[in-house]
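> fold the following.
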Amino acid sequence: DAQEILLRQAGWANSEIPVDATARTQAWQQVLRTSDGVVVLDNARNTAQVSPLLLYDSTCVIIITSRNRMPELSQVERIDVPPMSPKQAKTLFASFFSFGPKTEAEVANLEECVAKCGHLPLTIRIVGSMWGPRATSFAEVSEWLSDTEIDGWRFRTSDSDASILLDCSFELLSTSTRQS
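Numbers count the residues shown, from 1 in each chain. Coordinates of the predicted model:
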């Protein structure tokens, strides 16, 4: 439950957090009314997910990041942030690797990698962090992105989802590390 997590992050002990959902909502709204700060609700799926976390007369600034417009949130200021340009995305992605593209084929593989990451900085950073220390070519990373499917989701140029990358990074961990 997001309210439970946010209340913990606001300093509430587990024993202080209400079990009842209505009481938890009221507790979270009290935090928003009495605190100055910034709350970031990252990668929100839809209005239903964030609505219980909002209070429009709050002293806190609430930033919601989402790939969805959520027109139902009429009292918010929208700022559209486009994905990185292909050049920016390639520069960021290549910075994780000890090698650079030396041939046209390697440049094409690098472009394929960032396209499969949707030109999104977080996705690029996760894939770059996972593969930078171990890859020997951009073709290897591109092949992994093409072959990787988790819960029916496959990397492709038209969409990307960082939560899938987190699942992928978990899958790359050794069994003993996953269990700890």
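
> for the rest of this, base every contact and every neighbour count on C-alpha atoms.
Will do.

> do you know how far the residue of the chain most remote from its centre is from L110?
Farthest-out residue of the chain from its mean C-alpha position, per Cα atoms, centre = their mean: T103, at 32.0 Å. According to Cα to Cα, to the nearest Å, T103 stands 11 Å off from L110.

> so how far is A21 from the residue farthest from the centre of the chain?
T103 is 58 Å from A21, where distance means Cα to Cα.

> just D36 next, same as before
Distance from D36 to A21, by Cα to Cα: 24 Å.

> which residues touch stretch 5-19?
With Cα atoms under 8 Å, 6 or more residues apart in numbering as the test, stretch 5-19 has contacts from 4, 24, 27-28, 31.

> same thing with stretch 35-47?
With Cα under 8 Å, 6+ apart as the test, stretch 35-47 has contacts from 50, 59-68, 70, 72-73.

> CA atoms only for it, dumped as PDB, please.
Extracted in PDB, the C-alpha atoms of stretch 35-47 (Å, rounded to 0.1, in the frame of the first residue of the first chain):
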ATOM      1  CA  SER A  35       4.600  19.200   6.400                       C
ATOM      2  CA  ASP A  36       6.700  21.200   4.000                       C
ATOM      3  CA  GLY A  37       8.400  19.100   1.400                       C
ATOM      4  CA  VAL A  38       8.400  17.400  -1.900                       C
ATOM      5  CA  VAL A  39       6.600  14.100  -2.600                       C
ATOM      6  CA  VAL A  40       7.500  12.300  -5.800                       C
ATOM      7  CA  LEU A  41       5.100   9.700  -7.100                       C
ATOM      8  CA  ASP A  42       7.200   8.100  -9.800                       C
ATOM      9  CA  ASN A  43       5.900   6.100 -12.800                       C
ATOM     10  CA  ALA A  44       2.300   6.400 -11.900                       C
ATOM     11  CA  ARG A  45       0.000   4.100 -14.000                       C
ATOM     12  CA  ASN A  46      -3.300   5.900 -13.700                       C
ATOM     13  CA  THR A  47      -5.400   8.400 -11.800                       C
END
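
> and that stretch, how far from the chain's centre?
Relative to the centre of its chain, stretch 35-47 is centred 13 Å away, using Cα atoms, centre = their mean, to the nearest Å.

> quick one: the strands in the chain?
For the chain, applying DSSP state E gives strands covering 38-41, 61-64, 149-150, 153-154.
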